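1. coords please:
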Amino acid sequence: MRKTLPTKGRGRDELMAELKALKGNDTDWQHGRAPLYVFRGIPGTYEIGRDAFVEYFTENALGAKRAFNSIKRMEDDVVGFGLDLFHAPEGAVGTFTTGGTESIFLAVKTCRDWSRRQRKDKQHRGNLVMPVTAHPAFDKAAQIMDLEVRRVPHGPDFRADPKAMEAAIDADTILLVGSAPNFSFGTIDPIAALGELAQKRGVWLHVDACVGGYVAPFVKKIGYPIPDFDFAVPGVMSISADLHKFGFCPKPASTVFYRDQDKHSAQAFVFEGWPNGRYATETFAGTRAGGGVAASWATMNFLGVEGYCETAKRLMAMRDGFVSAIESIPGLHIWGKPDLTIVAIGSNDVDIHRVAEELAGKGWLPGLLREPKALHMMMSLIHEDSRATYVADLKAAIATVKASSGEKAKIAVTY
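-> The predicted structure follows:
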């Protein structure tokens with residue numbers, strides 16, 4: 001139904017009350033009932049991010065170089081933190097973006113333009129080779145830029161299969177993709193093997209660490225066996241990593257990094273043909289929220305290495321407890337061996353999608369996988385206190401499904 005703008009403005013108290021009321025039918029994410037979309041770290045993280053965002057509520061990061069030098073300084077600091085975390089060599093470069101999709105888009109665009117420069121062919125239509133588990137943002141970028149995408153099956157361990165990827169490479173391949181971790185199963189692809197393949201075939205390797213980039217280094221630091229996935233691996237040319245996921249920064253905030261300035265130079269958009277003179281941006285977005293930059297800077301400085309390590313300890317203890325509880329339920333199992341806090345729950349003896357429908361009836365927003373069928377969760381500290389309730393409701397849902405005599409699931413598998 002079409003709405004019309006009120007003739008007379010409404011009062012603040014009335015509007016705030018309505019905003020709170022509008023949330024009444026939202027998923028109760030504060031108590032861990034949403035398996036994605038929202039992230040929460042250790043106490044104090046949310047508040048510093050919120051307050052810093054509000055401090056820069058009006059400033060536009062598009063004007064960072066001309067009007068808001070403080071934003072430029074904070075962007076440089078945040079990018080520097082990322083370069084250090086990801087073992088970037090001297091001369092590596094990064095950009096602050098609005099999210100993982102933009103970071104991936106920029107990496108694909110940069111690789112395309114750099115590759116065309118190397119081939120001396122401004123019209124070359126390259127292709128991207130990636131496992132089926134790679135994020136759809138690569139397909140979105142390829143569709144916009146008229147590039148071909150070649151998705152290949154993952155291996156039996158739910159990680160990228162380098163042999164399958166090599167078989168898909170041809171003379172027009174410009175980009176290989178690995179994930180750290182992939183969103184579907186939470187497994188980190190064999191980036192070292194993909195790096196060797198990239199060097200052997202002379203192809204750019206991008207690591208999508210949008211999910212795990214800002215937590216995996218600290219999980220490794222506290223003793224978990226996280227494989228190398230960043231610029232420490234020869235062959236990795238670019239990395240995308242989201243601050244607003246497990247960096248625990250407010251949205252919108254992400255980063256993209258390149259091994260050297262030569263590759264990064266293909267990222268910028270520059271235009272002169274209008275009355276206002278030179279227009280140059282490194283990002284896809286023009287106007288960007290200054291609050292996102294300030295909040296990321298404040299959050300990262302607030303946490304520091306110790307805060308991120310403390311967060312990592314709690315996250316992994318929660319993950320381990322959750323996996324143990326799931327695996328203790330007869331007929332359930334975890335697909336693959338997740339490296340971080342994403343889990344995909346499968347079943348040998350019930351339709352897990354019917355179980356999801358029952359959980360939805362109990363107020364849980366189900367995350368789902370289609371192939372293989374699974375319940376899917378990407379957990380942050382929001383889920384710490386809800387584990388016992390979730391497991392109890394899961395057991396009850398399984399019992400209901402077993403008693404329902406073969407009723408088929410109607411739930412749609414959507415992100």
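2. Pull out the buried positions in the host helix or strand of R151.
-> For R151, the element it lies in under DSSP states H and E is strand 148-152. With burial defined by 16 or more other CB atoms under 10 Å, the residues of strand 148-152 counted as buried are 149, 151-152. Placement of C-beta: from N, CA and C, glycine included.
3. Show me how far it is from its chain's centre.
-> With CA atoms, centre = their mean, to the nearest Å as the basis, strand 148-152 stands 20 Å off its chain's centre.
4. looking just at contacts, which helices and strands does that strand meet?
-> Where contact means 3 or more CB pairs under 8 Å, 6 or more residues apart in numbering; DSSP states H and E, strand 148-152 is packed against strand 127-131, helix 137-145, helix 162-168.
5. Out of these, which one sits most buried?
-> For the helices and strands packed on strand 148-152, the largest average neighbour count (mean count of other CB atoms under 10 Å) is found in strand 127-131, namely a mean of 25.
6. Strand 148-152 and that one, what's the angle between them?
-> In terms of direction (axes from the mean of the first three to the mean of the last three CA atoms, to 10 degrees), strand 127-131 departs from strand 148-152 by 20 degrees.
7. Pairing partners for strand 127-131, with directions?
-> Using DSSP bridges, strand 127-131 pairs in its sheet with strand 148-152 (parallel), strand 173-179 (parallel).
8. Pull the longest one out as CSV, backbone CA atoms only.
-> Think strand 173-179. What follows is strand 173-179, C-alpha atoms only, in CSV (Å, rounded to 0.1, in the frame of the first residue of the first chain):
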residue,chain,number,x,y,z
THR,A,173,41.4,-17.1,-16.6
ILE,A,174,42.3,-13.9,-14.7
LEU,A,175,41.3,-14.7,-11.1
LEU,A,176,41.2,-17.7,-8.7
VAL,A,177,39.2,-17.4,-5.5
GLY,A,178,39.8,-19.0,-2.1
SER,A,179,37.8,-18.4,1.1
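9. what about that strand, average pLDDT?
-> What strand 173-179 shows for mean pLDDT is 98.
10. do the same with stretch 289-303
-> Here the average pLDDT along stretch 289-303 is 97.
11. how about K408, what does it touch?
-> 351, 354 (CB atoms under 8 Å, 6 or more residues apart in numbering).
12. Actually, D172.
-> 124-127, 148.
13. ok, back up a step: and the helices and strands packed on strand 148-152: which comes nearest T414?
-> Taking CB to CB as the criterion, helix 137-145 is the member of the helices and strands packed on strand 148-152 that comes nearest to T414, at 15.8 Å.
14. Work out for me the element W114 sits within.
-> helix 100-119.
15. That helix vs strand 148-152, what angle?
-> Using the same axes, to 10 degrees: helix 100-119 against strand 148-152 is 110 degrees.
16. what packs against helix 100-119?
-> When contacts are defined as 3+ CB pairs under 8 Å, 6+ apart, helix 100-119 sits against strand 93-97, helix 137-145, strand 173-179, strand 204-208, strand 236-242, strand 254-258, helix 261-264.
17. How far does that helix sit from its chain's centre?
-> Relative to the centre of its chain, helix 100-119 is centred 18 Å away, using CA atoms, centre = their mean.
18. Would you map the strands across the stretch 251-400 of the chain?
-> In the stretch 251-400 of the chain, the segments counted as strands under DSSP state E, counting those that start in this stretch are 254-258, 269-271, 279-281, 332-334, 342-347, 368-369, 374-378.
19. Mean neighbour count and mean pLDDT added to these, as TSV?
-> What follows is those, written out as TSV (neighbours: other CB atoms under 10 Å; pLDDT from 0 to 100):
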stretch	mean neighbour count	mean pLDDT
strand 254-258	28	98
strand 269-271	11	94
strand 279-281	12	92
strand 332-334	18	97
strand 342-347	22	96
strand 368-369	19	96
strand 374-378	24	96
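20. what's the closest of those strands to G291?
-> Closest to G291 of the strands of the stretch 251-400 of the chain is strand 254-258 (CB to CB; 14.5 Å).
21. ok, and what's touching the closest one?
-> By CB under 8 Å, 6+ apart, strand 254-258 touches 78-79, 82-83, 86, 88, 92-100, 102-104, 106-107, 110, 210, 213, 231, 237-244, 264, 267.
22. what lines up beside that strand in the sheet?
-> Assessed with DSSP bridges, strand 254-258 is paired to strand 93-97 (antiparallel), strand 236-242 (antiparallel).
23. from those strands, which stretch is densest packed?
-> strand 236-242 (a mean of 28).
24. Many thanks, have a good one.
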